[in-house]
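>>> Fold the following.
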Amino acid sequence: MGMDREMEEILREMRGYFNTGKTKSVTWRKNQLTGILDLIHENEDAIFKALHLDLGKHPVEAYRDEVGGVEKSVNKSLSCVEKWMAPKKSDIPLLFFPAKAEVLSEPLGVVLIFSSWNFPIMLSLDPLIGAISAGNVVVIKPSEQAPACSSFLANTIPHYLDSNAIKVIEGGPNVCEQLLQQKWDKIFFTGSSRVGSLVMSAAAKNLTPVTLELGGKCPAILDSFPNPSEFKLAVKRIVGGKWGPCSGQVCIGIDYLLVEEKFSSSVIEQLKKIIRRFYGENPAESKVVSRIVNKHHFERIRNLLKEPLVAASIVHGGLIDEENLFIEPTILLDPPLDSEIMTEEIFGPVLPIITLNKIQESIEFIIAKPKPLAIYAFTKDETFKRRILSETSSGSVVFNDTMVQFLCDTLPFGGVGASGLGRYHGKYSFDTFSHEKAVMHRNLILEIEPRYPPWSKFKLEFLKLAYRLNYFGLLLHMLGFKLGLKKYN
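Here you go, the predicted model:
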């Protein structure tokens, strides 16, 4: 049997299983969610090992950014899934009296999840939590660029979750292509804009809805802080948001920093101090800096730094270790704005600093570029905050911190424009993998005859009143309906 036929058979069986209705029960959903919880609790060391093999992540970073996030997400869904599933009563206009209405959340069906290599556990299991909570059957395609994590998921998930409803399919681009040729009820993709456009194009052939979690050049704005402690904390959070997770290989990580020129030297010195405090004098030996995922991405970042005018703008770092796929935390000062490092997403441990005459100019700078996944603004100026919110567009805005929005289940996470399509996390994940079905209940007691032909002037006037007046006004006019009907006919 060829791979295409094999996939068709897998999907046929999964769709048949979904049609039994078993996955719609709250018991099934909670059992699967509990299974995910057991999976991460009983395999924490194995997860840490896989993340270290693929990305060089320290166990503390691995727990903070992956295992802990999954645990928090699944506990949230376990405590809320019954409430999310419950029919929602809907108010309806009095015009439709007597009637009642409700909204039912039903699962979409057979779902495909493409996860990304930079958070290979979190970005596989977190969307899965939403899809399960909504009652779907799911195929997960982990990234082949994180092979240890992909293998871990493929080998471990069948022992904890319903293997009739949740499957892991491994492979490279050819497997992705074959998966995209199948008919899905939803595709959830995390990755680059280039591949995201291919996913969306393939999905369009079957009118399959998609959620695309992409990226973009996320800016950070650093205003002046007269208070030294506030300034130091702001810079500390910028360092954490740039180099802290996965050595800058993060879709919501800071891509570049905007500061006023007169403050740039003090900002650079403070950045250097925090980098030394976090990673020591020799970050390559600190064992707390993740490595670049593979040689291809290593070469891509190195080539960004090779451009002569870009290389000349390096004010800190720049050390490159090809054997260990390591690039030191690096700071650039005013690289050419038309250089590739300022037009393409860096996705690595390099921070360009762009200087401005006035920090308010950052708004014009940002809106001249594609809409980012996140904007980080460090400022106490409330007027400036309002301008950022009203004049820019991005997936999210965070004031005076970085990346914390990703861990907040009560906020939607997603992009806009080139940075993504759709949203998830918490209830938003449940909604992403659900169809909200409108249901109206009416009876056979009262009828409004003017809704039917044959048409007359009276019926036109009546319908105009029905749309314009409140229900009680309409009732008064209905009293004269039968008396006047013959006259207008």
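>>> what about the strands in the stretch 1-150 of the chain?
Using DSSP state E, counting those that start in this stretch, the strands assigned to the stretch 1-150 of the chain run over residues 88-90, 99-107, 110-114, 137-141.
>>> again but with the stretch 201-350 of the chain, I slipped
Counting by DSSP E, counting those that start in this stretch, the stretch 201-350 of the chain has these strands, from start to end: 210-213, 219-222, 256-260, 314-316, 320-321, 326-327, 330-333, 350-356.
>>> still on that earlier bit, select, out of the strands of the stretch 1-150 of the chain, the one closest to Ile366.
For these, proximity to Ile366 was assessed by Cβ to Cβ; strand 110-114 is nearest, at 28.8 Å. Placement of C-beta: from N, CA and C, glycine included.
>>> And the lowest mean pLDDT element among the helices and strands of this protein?
Least confident helix or strand of the chain, by mean pLDDT, DSSP states H and E, is helix 481-488 with a mean of 43.
>>> Just give the nearest non-adjacent residue to Ile363, would you?
Glu391 (5.3 Å; Cβ to Cβ, 6 or more residues apart in numbering).
>>> Walk me through the regions of this protein where pLDDT falls short of the threshold, as ranges.
Residues of the chain that meet the criterion pLDDT under 70 lie in 1-3, 469-489.
>>> center of it - which residue?
When Cα atoms, centre = their mean is applied to the chain, the residue found nearest the centroid is Gly414 (3.8 Å).
>>> That one and Ile354, how far apart?
For Gly414, the distance to Ile354 (Cβ to Cβ, to the nearest Å) stands at 26 Å.
>>> How is this structure divided into domains?
3-214+425-437, 219-414, 447-488 (automatic domain parsing).
>>> Which positions within stretch 228-247 qualify as buried?
231, 234-247 (16 or more other Cβ atoms under 10 Å).
>>> what's around Phe384, how many residues?
Applying other Cβ atoms under 10 Å, we find 18 residues neighbouring Phe384.
>>> can I assume it is in contact with Ile359?
Yes: shown here, Phe384 and Ile359 form a contact pair, counting by Cβ atoms under 8 Å, at 7.4 Å.
>>> Please enumerate the shared neighbours of the two.
Common neighbours of Phe384 and Ile359 (criterion: Cβ atoms under 8 Å, 6 or more residues apart in numbering): Asp223.
>>> that older thread, how many other residues sit next to the residue nearest to Ile363?
Using other Cβ under 10 Å, Glu391 has 11 neighbouring residues.
>>> what about it, distance to Asp45?
With the distance defined as Cβ to Cβ, Glu391 ends up 48 Å from Asp45.
>>> and the closest residue to Ala377 other than its chain neighbours, bridged to which residues?
Nearest-residue entry for Ala377: Ile221, 4.3 Å, with adjacent residues in sequence omitted and distances by Cβ to Cβ, 6+ apart. Beta bridges link Ile221 to Leu258, Ala377, judged by DSSP bridges.
>>> Next up, the contacts around Ile221.
Applying Cβ under 8 Å, 6+ apart, one finds that Ile221 lies in contact with Leu257, Leu258, Ile359, Ser362, Ile375, Tyr376, Ala377, Phe378, Thr379, Ile388.
>>> how many neighbours does the first one have?
Right, the one you point to is Leu257. By other Cβ under 10 Å, neighbour count at Leu257 equals 27.
>>> Could you do the third one as well?
For Ile359, the count of nearby residues is 20 (other Cβ under 10 Å).
>>> Can you say which helix or strand has it in it?
Mapping Ile359 onto the secondary structure by DSSP states H and E places it in no helix or strand at all.
>>> close enough to count as contact, it and Val259?
Yes: assessed by Cβ under 8 Å, Ile359 is found in contact with Val259 at 7.3 Å.
>>> which neighbours do these two share?
With the criterion set as Cβ under 8 Å, 6+ apart, the overlap between the contacts of Ile359 and Val259 is Leu222.
>>> what's the nearest residue to Ala284 if we skip its chain neighbours?
Residue nearest to Ala284 in three dimensions, not counting chain neighbours: Phe326, with 5.3 Å by Cβ to Cβ, 6+ apart.
>>> hang on, isn't Gly348 packed against Trp243?
No: here Gly348 lies out of contact with Trp243, judged by Cβ under 8 Å, at a distance of 9.8 Å.
>>> any common contacting residues for those two?
Jointly contacting Gly348 and Trp243 under the rule Cβ under 8 Å, 6+ apart is no residue at all.
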